[in-house]
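# Sequence and computational prediction follow.
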Amino acid sequence: MQISRLKIKVIPNSPKTRISENTKRPDIDMVIELHASAENGKANIELINFLRLYLGKDVKIISGFKSRIKEIVVIN
């Protein structure tokens with residue numbers, strides 16, 4: 001089993017869920033705009049579901065549950 005880590009910035013309450021082109025920070029791997037709001041973990045759930053479909057792999061948030069900067073583990 002191979003495990004990869006990604007550092008992702010999320011932007012909740014966006015018009016639609018998509019990968020953004022706004023990665024200007026070298027410490028951030030990806031910026032994802034999420035349609036869901038950041039209430040009651042809705043944005044986290046949408047992020048996980050989006051990444052699972054996009055990557056075709058299992059993913060888990062390991063840090064940043066209440067932050068816009070999240071560390072994600074991708075399990076191959």
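In hand now; what should we look at?

# alpha carbons only for contacts and neighbour counts from here, please
Noted.

# The strand ranked longest in the chain pairs with which strands?
When the chain is parsed with DSSP state E, its longest strand is strand 3-11. Paired neighbours of strand 3-11 in the sheet (DSSP bridges): strand 30-33 (parallel), strand 69-75 (antiparallel).

# so for it, what's the average pLDDT?
Average pLDDT, strand 3-11: 94.

# can you give me the offset of it from its chain's centre?
Relative to the chain's own centre, strand 3-11 is displaced by 6 Å; criterion: CA atoms, centre = their mean, to the nearest Å.

# Can you name the next helix or strand after that strand?
Next helix or strand after strand 3-11 toward the C-terminus (DSSP states H and E): strand 18-20.

# re earlier: nearest to residue 14, out of the strands paired with strand 3-11?
Residue 14 lies closest to strand 30-33 among those, at 5.8 Å (CA to CA).

# Not counting sequence-adjacent ones, nearest residue to the residue nearest in space to the middle of the chain?
Closest residue to the average C-alpha location of the chain: residue 47 at 4.7 Å, with CA atoms, centre = their mean. Among residues not flanking residue 47 along the chain, residue 34 sits closest, at 7.1 Å (CA to CA, 6 or more residues apart in numbering).
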